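**Q** coords please:
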Amino acid sequence: MTPTDASPPGLPESAQRPVLFTDLDDTLFQTARKMTEPVCASRLAAEATNGHHSYMTVSQAAMTAWLLKATCLVPVTARSTEALSRCRIPFDSWKIASNGAVILSPDGKIERDWSHHISRLSGEAEAGLEALNAETAKHNAVERFRHWIVREEGRPIYFCVKSNGEEAWLDDLEGFLRTLAGEQFVYHRNGNNLSFTPQGISKRAAVAHLIDIRSEIRHGIILAMGDSLTDLPFMQLANMMMIPPASQVASAIGKE
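**A** Have a look, this model is predicted:
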């Protein structure tokens, strides 16, 4: 019996391809300052409102082009839906944004069951997110940091801080913010990104929900790719995982 014969009947041809859930930043592309080769306008991957656009290397561009043909490529990103809309990669399947808070169908509609679930979690976390944002503002008199609450459908989703200078500046915030966040939030630090996401909102939870509601994904081959330790939970739902060689995950493996 061929793999196609083994697939559930009645599925569209595209569903016979593997589904690849993939992180975006530092996996498929990166900001210009992280590029290991000269940036090229033809490999612009995502535009940024602050002008710090993201690009693909030659190998990343070739791999992404191949993946778009060989798989159903599903982005799983911390980017908001607005930031994801500025990505140049032509994703035409499902999309997961804002650290798993939003699931978008191929026609761009919000998956409402998931949205209702996130609405409850967001409401419970709103006061804590506002406290994190306000406390950071008190320590930012000279604007060493940019910080904000990511919102979707008018709801607060997670809190993010980035340094306007050296990544090490985040060390000055990390300790007291983690204490303030307590057990209500999942802490994440990777490079110049420091974030706090409410318990229950995660890439893994969103991927698990999508697998559960879509039989063509559940009964197919599932692959996953990511660079960060916080990507590992959703990647573990796949049949096979892939990681970039220069990544937080690869560094952690190298320390073992």
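
**Q** beta partners for Trp148?
**A** On the basis of DSSP bridges, Trp148 takes part in beta bridges with Cys160.

**Q** need the helices for this protein, in chain order.
**A** Chain-ordered helices for the chain, with DSSP state H as the definition, fall at 3-6, 58-70, 81-85, 112-138, 171-181, 203-213, 215-218, 232-235, 248-255.

**Q** Format these as a markdown table; extra columns: distance to Asp92 and mean pLDDT.
**A** C-beta coordinates here come from the backbone N, C-alpha and C atoms, glycine included. A markdown table is the format used below for the helices of the chain (distance: least, CB to CB, whole Å; pLDDT from 0 to 100):
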| stretch | distance to Asp92 | mean pLDDT |
| --- | --- | --- |
| helix 3-6 | 21 | 40 |
| helix 58-70 | 8 | 97 |
| helix 81-85 | 13 | 97 |
| helix 112-138 | 20 | 97 |
| helix 171-181 | 37 | 94 |
| helix 203-213 | 15 | 98 |
| helix 215-218 | 15 | 94 |
| helix 232-235 | 21 | 96 |
| helix 248-255 | 27 | 83 |
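
**Q** Mind putting those into a markdown table with distance to Gly165?
**A** Shown next, in a markdown table, are the helices of the chain (distance: least, CB to CB, whole Å):
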| stretch | distance to Gly165 |
| --- | --- |
| helix 3-6 | 52 |
| helix 58-70 | 27 |
| helix 81-85 | 22 |
| helix 112-138 | 15 |
| helix 171-181 | 11 |
| helix 203-213 | 29 |
| helix 215-218 | 42 |
| helix 232-235 | 29 |
| helix 248-255 | 21 |
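
**Q** To Tyr158, which of those helices lies closest?
**A** Of all these, helix 112-138 sits nearest to Tyr158, with 7.2 Å by CB to CB.

**Q** Fine by me, we can end here.
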